[in-house]
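**Q** Fold the following for me, if possible:
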Amino acid sequence: QVQLVESGGGLVQAGGSLRLSCAASGRTFSSNAMAWFRQAPGKEREFVATISWAGSSIYYADSVKGRFTISRDNAKNTVYLQMNILKPEDTAVYYCVARSGAPSPDWHAYDYWGQGTQVTVSS
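**A** Got it, this is the predicted structure:
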């Protein structure tokens, strides 16, 4: 089992920045690919970014490429999502997820989910 706890969400004006953190515990964190997904009210769950266990493979959704950066610190069992130049359409609940294996943009591939953290971007 892997337990994931997100933090860092909040209310920010358009153009601002936030950094989300996801603290992992349980099974060996460093062997898991990690990702961030988001879901806005009335919309489907959406892939945001994913990173391999070593950090050597990183993928982003087109909608966040160039604005968001995913990273991880295996010594601290933590994955981060730095979000810059935020837009109102980034408003959503952001979920941290983990899986054993390669990174994937498909939320079905992930075994472990955090409880989510709300990000609200005002215009």
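**Q** from here on, contacts and neighbour counts on C-alpha atoms
**A** Fine.
**Q** model confidence over stretch 36-50, on average?
**A** Average pLDDT, stretch 36-50: 97.
**Q** Centre of the chain to that stretch, how far?
**A** Centre-to-centre, stretch 36-50 and its host chain are 9 Å apart (C-alpha atoms, centre = their mean, to the nearest Å).
**Q** CA-only coordinates of that stretch in CSV, if you can.
**A** In CSV, the C-alpha atoms belonging to stretch 36-50 read as follows (Å, rounded to 0.1, in the frame of the first residue of the first chain):
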residue,chain,number,x,y,z
TRP,A,36,-0.9,14.5,-11.2
PHE,A,37,-4.4,14.5,-12.5
ARG,A,38,-7.2,17.1,-12.0
GLN,A,39,-10.9,17.2,-12.2
ALA,A,40,-13.1,20.3,-12.5
PRO,A,41,-16.8,20.3,-11.6
GLY,A,42,-18.8,18.7,-14.4
LYS,A,43,-15.7,17.7,-16.3
GLU,A,44,-13.9,14.4,-16.8
ARG,A,45,-10.7,13.6,-14.9
GLU,A,46,-7.7,15.1,-16.8
PHE,A,47,-4.1,14.1,-17.0
VAL,A,48,-1.7,16.9,-16.0
ALA,A,49,1.9,15.5,-15.6
THR,A,50,3.8,12.3,-14.8
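**Q** And for the strand or helix carrying Ala23, what's in contact with it?
**A** Here Ala23 sits within strand 18-26, counting by DSSP states H and E. Applying C-alpha atoms under 8 Å, 6 or more residues apart in numbering, the external contacts of strand 18-26 come out as 1-10, 12, 76-84, 96.
**Q** go with 7 Å
**A** Applying C-alpha atoms under 7 Å, 6 or more residues apart in numbering, the contact partners of strand 18-26 are 1-9, 77-84, 96.
**Q** Name every strand pairing with that strand and say which way it goes.
**A** Using DSSP bridges, strand 18-26 pairs in its sheet with strand 2-7 (antiparallel), strand 78-83 (antiparallel).
**Q** which element follows the first one toward the C-terminus?
**A** Translated: strand 2-7. Defined by DSSP H and E, the subsequent element after strand 2-7 is strand 10-13.
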